[in-house]
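[1] Pasting the sequence and the predicted model now:
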Number of protein chains: 2
Amino acid sequence: MKRSERLVAMTHYILDRPRDLISLPFFSEKYDAAKSSISEDLGIINKMFQHEGIGYLETISGAAGGVKYIPAFSKEESHRFVEELCEKLEDPARLLPGGYLFMSDLLGDPETTRNIGKLFASAFRDKDIDVVMTVATKGIPLAYAVASYLNVPVVIARRDPKISEGSTVSINYVSGSTRKIQTMVLTKRSLPQGSRVCIIDDFMKAGGTINGMRNLLMEFDAELAGIGVLAEAEDDEEDRVVDDYLSVVQIMNADERKSSIEVRPGNLLENI
Amino acid sequence: MKRSERLVAMTHYILDRPRDLISLPFFSEKYDAAKSSISEDLGIINKMFQHEGIGYLETISGAAGGVKYIPAFSKEESHRFVEELCEKLEDPARLLPGGYLFMSDLLGDPETTRNIGKLFASAFRDKDIDVVMTVATKGIPLAYAVASYLNVPVVIARRDPKISEGSTVSINYVSGSTRKIQTMVLTKRSLPQGSRVCIIDDFMKAGGTINGMRNLLMEFDAELAGIGVLAEAEDDEEDRVVDDYLSVVQIMNADERKSSIEVRPGNLLENI
């Protein structure tokens, strides 16, 4: 195989396996090339990944060493993407009763969710994360996008148990903004003890739902490793029961009657 | 930029945009290279994509022409993946009451869901599809995986309307296996009239839920373009209200008391 051909194959192989440790001997055997050539190839790939703003190759030296592709949006790409997102969200036609925002069109676009996933994976890249958790329904595509770049599984809590899930653990929690008592369940065999969990959701007002997930983690003897939300409603700041989270955008001054809304970048960008 | 570097960047760019038409002049300008060089590069990329079993570049000639990356699992890769999946599912510990099968661990693994998405996208590659549709909750990751390789949006029907969705259209349908009347809703602004829709779900017994989604499509003057399910329970074959679908695996003779189950490849493999 020629170098040019090998570079195409290796680029695909690496992009498909973020955070997997891939050894030089493995590549050397797979593509029937000298280790020195593979090493040069990896140098080119690393350079170009950084040039394209999609991350870098981390080199682990030693006998059990190799390379890992760490997906990481560049600062410029992140800013460009978040600013575009703010513009799209800052449309009064999106306002729904109760200060909610219609976002299903954006959440329904696989490219947008992939980019949001890449953003969170970039921001959380130094955290030790075993599992991404969300609650049904709208956080699910975001959770998968993040998990796919972190290369970890997803677990999904639900509001109601379902027959095709097996036995579950359930908790009650108080919704932060409506003060109603709600239930959340998680399948027993879905989360191993001691897991380090990153919570992802689409929208946070006072944070009751995320707090519910946090309580659920305790039942599973799991540990919270990070919290990420796509949009936070800044108007509910004083009722907030969750701190230490990353948000992609902040929604301010949502006013249905005046049909006005303001959307600005959240604190995630500071962590890229 | 050297050819070797350009190939890494172009491979990433193309993989990230399945089914998008990318023109030669665009690449030529982006990477500051002669069209003849770009054309050779695309030849190498096309050859290697086929070699790796991940699809091919379709060439559209003429002034408005260019290339499109069509993701398509090779026959060998597809068979290998489906057989592995059958083996994992054929574990009696997965049996749940009512002939259901615990699959959340597999559905929770982003690599597995990506591969299932690639399978469906390969099988549906000649269909004209505008939107992928599923119903909450467990079909969601599969729907996004398929949509991501087909490069189309996802719409999600729900069992209950939610405040953060806006106004909805709702239908009643009869569950095929339990004969219960159920409700399904879809946000009004989520599905444009005349859309060609591919329905994706995780599990099909008699097919009542999928039939419900089909009825919902009629309310939106949308057209059914294809149906794909991860697992079908073959034991319910005679009650089936849906035909003309693709399944990845078939579950046969699920017997909770005997703790036995048989899982074999579905009809999707015949369409790869």
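    Yep, it's here.
[2] In three-state terms, label the residue nearest to A:Asn215 when sequence neighbours are not counted for me.
    Leaving aside its chain neighbours, A:Asn215 sits nearest to A:Ile171 (5.2 Å; criterion: CB to CB, 6 or more residues apart in numbering or on different chains). For glycine as for every other residue, the C-beta is placed from the backbone atoms N, C-alpha and C. Secondary structure, DSSP: H, G, I helix; E, B strand; the rest coil: A:Ile171 is strand.
[3] wait, what's in contact with A:Ile171?
    A:Ile171 makes contact with A:183-185, A:212, A:215-216, A:219 under the criterion CB atoms under 8 Å, 6 or more residues apart in numbering or on different chains.
[4] Just those: which are in helices?
    A:212, A:215-216, A:219 (DSSP state H).
[5] tell me which element A:Ser78 is part of?
    Element membership for A:Ser78, per DSSP states H and E: helix A:75-89.
[6] give me the low-pLDDT residue ranges for the stretch 1-150 of chain A?
    Along the stretch 1-150 of chain A, segments meeting pLDDT under 70 are nowhere present.
[7] Quick one: the helices in it, in order.
    For the stretch 1-150 of chain A, the helices defined by DSSP state H, counting those that start in this stretch occupy A:3-15, A:24-30, A:35-52, A:75-89, A:104-107, A:110-123, A:140-150.
[8] As a markdown table, these with mean neighbour count and distance to B:Asp202 would be great.
    Below are the helices of the stretch 1-150 of chain A laid out as a markdown table (neighbours: other CB atoms under 10 Å in any protein chain shown; distance: least, CB to CB, whole Å):
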| stretch | mean neighbour count | distance to B:Asp202 |
| --- | --- | --- |
| helix A:3-15 | 21 | 27 |
| helix A:24-30 | 15 | 33 |
| helix A:35-52 | 17 | 34 |
| helix A:75-89 | 16 | 30 |
| helix A:104-107 | 20 | 19 |
| helix A:110-123 | 23 | 18 |
| helix A:140-150 | 28 | 12 |
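[9] okay, those in CSV with distance to B:Ala147 next?
    Shown next, in CSV, are the helices of the stretch 1-150 of chain A (distance: least, CB to CB, whole Å):
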stretch, distance to B:Ala147
helix A:3-15, 19
helix A:24-30, 31
helix A:35-52, 24
helix A:75-89, 19
helix A:104-107, 12
helix A:110-123, 5
helix A:140-150, 9
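[10] would you list these in CSV and tack on distance to chain B?
    As requested, these are exported to CSV (distance: least, CB to the nearest CB, whole Å):
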stretch, distance to chain B
helix A:3-15, 4
helix A:24-30, 11
helix A:35-52, 4
helix A:75-89, 12
helix A:104-107, 6
helix A:110-123, 4
helix A:140-150, 4
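[11] Would you list the buried entries among the ones in helices among the contacts of A:Ile171?
    A:212, A:216 (16 or more other CB atoms under 10 Å in any protein chain shown).
[12] Taking the ones in helices among the contacts of A:Ile171 together, which two end up most distant?
    Longest distance between any two of the ones in helices among the contacts of A:Ile171 is 11.0 Å, between A:Gly212 and A:Glu219; criterion CB to CB.
[13] Closest one of the contacts of A:Ile171 to A:Pro161?
    A:Val185 (4.8 Å).
[14] OK, contacts around that closest one?
    Residues in contact with A:Val185, defined by CB under 8 Å, 6+ apart, are A:157-161, A:168-171.
[15] Can you tell me which of the ones in helices among the contacts of A:Ile171 is nearest B:Tyr56?
    Nearest to B:Tyr56 among the ones in helices among the contacts of A:Ile171, with distances taken as CB to CB, is A:Leu216, at 45.1 Å.
[16] residues in contact with that closest one?
    A:157, A:169, A:171, A:184, A:186.
[17] got those residues as a markdown table, with pLDDT and distance to B:Ile261 columns?
    Output for the contacts of A:Leu216, formatted as a markdown table (pLDDT from 0 to 100; distance: CB to CB, whole Å):
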| residue | pLDDT | distance to B:Ile261 |
| --- | --- | --- |
| A:Ala157 | 95 | 27 |
| A:Val169 | 92 | 26 |
| A:Ile171 | 93 | 32 |
| A:Met184 | 94 | 30 |
| A:Leu186 | 94 | 25 |
